[in-house]
Each structure stands twice: as C-alpha cells, then as structure tokens.
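Asks: A structural model of the following input is requested.
(2 chains)
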Amino acid sequence: MTVGDVIAACTFAAWAGCTLLVHVPALKLPIRRRDVCALVPEWNFFAPRPAEGDYVLLHRDHCIDGSLAPWRELRVAAPRRWWNAAWNPTKRNRKALFDAVTELALHVKEEDPTIIASIPYLTLLNYVSGLPRSLPVARTQFLLMMTAADAPDDPPRPMFLSSAHDL
Amino acid sequence: MALLAQAGALDLIGSRIAAPFSIGVPTQEIAWTWACRLAAIGVAVSSAEYLVNRDVLRDGGLMSWDVGRVRSRWQAGGPLGTTLGAVVAYPNVLVTMALRLVLAVALAVGAERLAFSAWLTLPTALLLIVMPLRTRYGHDGADQMGAVVLVSLSIGNLVATPLARDLALGFIAVQAVLAYTIAGLAKLKGRGWRNGTALIKVAGTDIYGHPTVGRWLRAWPRAALVSSWFIMAWETCFPCIFVIPRPWSLAYLATGVMFHLSNAIVMGLNTFLWSFMAAYPALLYWIDRMPTTW
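Replies: Numbering: from 1, shown residues only, chains lettered A, B, ... in the order given. Below you'll find the predicted structure:
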C-alpha cells in the first residue's frame, strides 16, 4: 500500500462519511456552508415531500407616467416535448426557478427582514429587471404564484409579492 | 468411466447454464472505462445543453454569476473571486462549457487509455464542479453523481495503483447504494409516498411531470399506489444486490436501467440516465468481489 493509496482511502472515507452526515438535519447547514463545490450529494430525491405544483413567476412594470402595466406571466422554459427524454436544455431554467423560490420560501417563513438582500430575491429581481422592454419603465416588481398539481383546473395561489424596485 | 463421463457431461451442462450468468463480470479495466465513458456522455450532453440554452447563464439569467457571486465574500471580490470569474462569468463560461464538451466527448468516444489519464479526467471533473460555485441554482442529482464518478476516477488516476482504482470503484458503488437507499427511506417517511398521492402530484407538475401520465395516474390512483410502493421497495432494498444470486443482481440492475429510462421519458431527467448508469460498472465490479458466492 502506497502513501497515495492511504490518501485516496482517507479521502473516499471522509467523503462517504459527509454524504451520510449531510442527511442529519442538524449537520446539513454546517456541511453545506463548507461544501462550496457541492461535492457532498444529498440523495433524498423528491422525498419526503416532492414538488406538489409549479411555481409561476409574474412581473409588472410601473410606467414613468405613474400607470401600471398588467401582470405578465414569464415562461422560463419551453413546454416539454418527447425528445426531452434525450435532450432537455431548458430543464435548468425550471430547476433554477424552483431552487430560488424554495430558498425564498425559507426567508418568508422566517420573516427575514433582510429578504430583499437575499440571493433568491436578488436572482428573481435581476431576472425580471433584465427582461427586454419596448418602452422605458420606472420600476418593476414580481409576483410568485403556485399551481396545485392534483387540481390543475384550480387558479394559481399567490405566494409572494415583491416590492417595486427602480430600474 | 461411465460415472466420470456423466460427471463431465454435468460439468458441461453446468458451464452452459453458468455461461450466461458470467456475462457482465467486468475486469477493473472494463469497469473503469465504462464508468468513465457513461459519465462523460452525461457531461457532454449537459455541456451542449448549456451552450444551446446560454440565456440562463447570462448576467440577467436565472443562473447569473453577477448575483451568485454575492453569496460569499471571497467570490464577490479578491484574487480568488477574480480568478473564478475569469472561468465562470458570462461570456467566458461559454468557452468553459465548450472545453468541457470537447474533453467529455474525448472521454466518451476516444481510446480506452484516455479513461486512465488524469490529464483528461481531472480537468473534466474540475470544469464540472466549478458550476455550483457560479450559482447554487439549476443543478440536479445527475450533476452530483457525474461529479462523484469523475472526481473518483481522477483520484484513482492520480494515484494510479490497482488498489486506488479499486477504492475509487468501491466509492462510486457506495455512493450509488447510498443514493438509492437514502431516497427510498426518505420516501417511506413521506405520507404522500405511502398513499400514492405524491406520485400523482409529481406527475401532474410541469417541472417533473408528464401531462398524459399525470392524467392517467389521477384516473387510476391504485396504479399510483402500487408504483409508489414498487419504487420505495426497489430503492430501499438496493443494497441486497450484493447478497442475492448474481442473475438476480443483474435483473435488479436492469430494473434500474428501466427506472432511469422511464424517468428520462416521463420526467425529462435525461442526464440522470447517463450519470447513474456510470455507477453500474462499479457496482457490477464489486458485486463479483463480495464474499458471498452463488
């Protein structure tokens, strides 16, 4: 057994240990803070509670003359097609929106007073602010809604309304 | 003589029966090469998808580096952040993805010896794990398993001893076992999975569902219940592949291939198929090295 073998064995053992420990709720956050490259996987796919609906992102512009533009729904990804089984480029957009909203929901739950400086809030605001516009606008804001997967005919439920921000 | 002849005939029959069961017993070289090729296919597909769907990587996109870098002080400024920005900021990230694509294609379809070169596997692995540094959003379990496989192979290639390669394959196998078992146990904790409604809900979403399958499961909740329990039982009992007879292990893994194929079709999880299949050569390699012999 060489020194390299010992180092490899220790690395794999530590990595496997962290993979187990990250599933302990009390240890999840400390490990996640240090695991900047996301090398420690979390394997609880879709469990214990999977996605129960889809997040819908809308935005509204405040015009320079003080009037409000109507709410516009933003489609972050193309509708699913049969070839997405092999080639699915826009799945990242859906997942990024899902991740951002899931993290934002934690800030909402904790009633975080600094929510507007949080990464998920800034991500969504940055996205709606960067949308192409034909007319100059003064401010913009976003609204998150959720559809219920088991009741597709029900209207989406509002989840979060942002403040209006200068553009 | 007659008895010996009979014994010889029995041996012959035995070897003919055993022959199909010995299919898929990989040597270390074969397991290593195929783990690398399959993981590389997943990375190649994912890199090409980023290049086509580049809007998501722009400064105004949902995976923006401009926002992602604010998460920690060292990313926001300083020499480390500046260096990282040179690799992952838009539009440089497109060059990074193009390079990752070229390396992954070389590993996927190139000569077998390339899988044993740290000069190829390590840069591919590094370009894979650099993306979560850009932003934490948009990544999935396929990226994680791809990183597990390619980083492990890179460590094995750096040390370059048979034992280190055995350890790397063993670690990949352990991660696959943990992936399925933890997912199964976590589902067992969820009431929705136990009564089948979770599967109906997932199938009804845009993000992971399928309109036809969603409607069908809503109409046939009993099918959702049976499918839920099949998935939970299959995932939770995954470690048994190391103790059941080899033909059953192969059947168990074949079910896994079908599971990922159906997830690709129904849920659009296309890269999961490649990155999880990349762990199967390591599983097959270690199944044959378990003390239990059947």
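Asks: CA only for contacts and neighbour counts going forward, please
Replies: Fine.
Asks: buried ones in stretch B:131-148?
Replies: Across stretch B:131-148, burial judged by 16 or more other C-alpha atoms under 10 Å in any protein chain shown covers B:131-148.
Asks: residues contacting residue 49?
Replies: All of this refers to chain A. A:Arg49 sits next to B:Lys187, B:Gly190, B:Gly192, B:Ala198 when contact means C-alpha atoms under 8 Å, 6 or more residues apart in numbering or on different chains.
Asks: looking at chain B here, not the other one
Replies: Contacts of B:Glu49 by C-alpha under 8 Å, 6+ apart are A:Trp87, A:Asn88, A:Pro89, A:Thr90.
Asks: mind pulling up the pLDDT for whichever residue of chain A sits closest to chain B?
Replies: Nearest residue of chain A to chain B (C-alpha to the nearest C-alpha) works out as A:Ala96 at 3.8 Å. pLDDT, A:Ala96: 97.
Asks: returning to that earlier point: intersect the contacts of B:Glu49 with the contacts of chain B.
Replies: Filtering the contacts of B:Glu49 for proximity to chain B (criterion: C-alpha under 8 Å from any C-alpha of the partner chain) leaves A:Trp87, A:Asn88, A:Pro89, A:Thr90.
Asks: now the residues you listed in JSON lines, with neighbour count?
Replies: Output for the ones next to chain B among the contacts of B:Glu49, formatted as JSON lines (neighbours: other C-alpha atoms under 10 Å in any protein chain shown):
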{"residue": "A:Trp87", "neighbour count": "19"}
{"residue": "A:Asn88", "neighbour count": "22"}
{"residue": "A:Pro89", "neighbour count": "22"}
{"residue": "A:Thr90", "neighbour count": "23"}
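Asks: tell me which residue of the stretch 1-150 of chain B lies closest to chain A.
Replies: B:Gly138 (3.8 Å).
Asks: grab the nearest non-local neighbour of that residue.
Replies: A:Ala96 (3.8 Å; C-alpha to C-alpha, 6 or more residues apart in numbering or on different chains).
Asks: and what of B:Asp66?
Replies: The nearest residue in space to B:Asp66 (C-alpha to C-alpha, 6+ apart) is B:Asp59, at 5.6 Å.
Asks: shouldn't the residue nearest to B:Gly138 be within a helix?
Replies: Yes - counting by DSSP: H, G, I helix; E, B strand; the rest coil, A:Ala96 is found in a helix.
Asks: these two touch, right, it and B:Thr135?
Replies: No - the criterion here is C-alpha atoms under 8 Å, and A:Ala96 misses it with B:Thr135 at 9.2 Å.
Asks: pull up the overlap in contacts between those two.
Replies: B:Met63.
Asks: is stretch B:283-294 positioned near chain A?
Replies: No - under the criterion of C-alpha under 8 Å from any C-alpha, chain A is not reached by stretch B:283-294; the shortest gap measures 15.8 Å.
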